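Colleague: Any chance you can model this:
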Amino acid sequence: MKSARKSENVSIESSKVTVADREERFDQKSVTLWMTGLSASGKSTIARAVESAIFSNGHVVYWLDGDNVRMGLNRDLGFSPQEREENIRRIAESARLFNDAGLIVIAAFISPYRADRQKARQIIGEGRFVEVFVDCPLSVCEERDPKGLYEKARRGEITEFTGITAPYETPLEPDLVLRTGKESISASVSHVMRLLDSRRVFMALPTVE
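Modeller: Residues are numbered from 1 along each chain as shown. Below is the predicted model of the structure:
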């Protein structure tokens, strides 16, 4: 996949409003929860539930989902390794912009390659990138198969399908592992919220005397 040529006539412009200003306004630290795992492992279900929990607590959060992004921003990309790499790069750049705006981002993507996830970490920033491995056995994912994708992949109707005809490289040192083949959605959400609390993502407003 050819990369677009960079213009020599562009430069980075800085806003007078800093990230710290925005974080103080929203009473939170801006981070990206990067949820990786096989199709049907529960990434989107957990992401929606975590988004709702964070929003209900009065914070500003946005969820980026694989299917939604491929219907708009990345609709020109397929599923070859090169196109998957570009897919993740664009998502990471988008998440970084949301973080710069002071938002908490939940990015739920298969993102099967460690190198691509590492590049996403570099783009978003070490202090903001929180890797969550949604660990679910392939057999359980196939049993769930809500979209019938595994069945189509087994029949050869879908090529480059992660876990069947394309590899998935498990995270080596994730910040959190959710074992969705064994535990409930509510338990997984609780684990995520506790992790965010431990990272002091939810800032306390100063008391006004």
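Colleague: Please make it C-alpha for all contacts and neighbour counts, starting now.
Modeller: OK.
Colleague: Can you name the residues in contact with the helix or strand containing Glu142?
Modeller: Secondary structure from DSSP states H and E places Glu142 in helix 138-144. With contact meaning CA atoms under 8 Å, 6 or more residues apart in numbering, helix 138-144 is reached by Leu38, Ser39, Ala40, Ser41, Tyr150, Glu151, Gly163, Gly181.
Colleague: repeat for stretch 188-206
Modeller: 27-31, 46, 49-50, 59, 176, 178-180.
Colleague: Quick one: these as TSV, columns for pLDDT and neighbour count too.
Modeller: Shown next, in TSV, are the contacts of stretch 188-206 (pLDDT from 0 to 100; neighbours: other CA atoms under 10 Å):
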residue	pLDDT	neighbour count
Asp27	94	19
Gln28	96	23
Lys29	96	23
Ser30	97	27
Val31	98	27
Ile46	97	24
Ala49	97	15
Val50	98	22
His59	96	18
Leu176	98	16
Leu178	98	25
Arg179	97	18
Thr180	96	22
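Colleague: Just checking, which helix or strand of the chain averages the lowest pLDDT?
Modeller: Within the chain, judged by mean pLDDT, DSSP states H and E, the helix or strand with the poorest mean is helix 66-70; its value is a mean of 87.
Colleague: show me where pLDDT drops low in this structure?
Modeller: For the chain, residues meeting the criterion pLDDT under 70 lie at 1-7, 11, 204-209.
Colleague: for it, what spans make up the strands?
Modeller: 32-36, 61-65, 104-108, 129-135, 176-179 (DSSP state E).
Colleague: would you turn the ones you listed into CSV with distance to Gln82?
Modeller: Converted to CSV, these look like this (distance: least, CA to CA, whole Å):
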stretch, distance to Gln82
strand 32-36, 18
strand 61-65, 20
strand 104-108, 19
strand 129-135, 22
strand 176-179, 27
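Colleague: Out of the ones you listed, flag the one nearest Ile54.
Modeller: strand 61-65 (6.9 Å; CA to CA).
Colleague: Give me the buried positions along that closest one.
Modeller: Val61, Tyr62, Trp63, Leu64, Asp65 (16 or more other CA atoms under 10 Å).
Colleague: now the angle from that strand to strand 104-108?
Modeller: 20 degrees (axes from the mean of the first three to the mean of the last three CA atoms, to 10 degrees).
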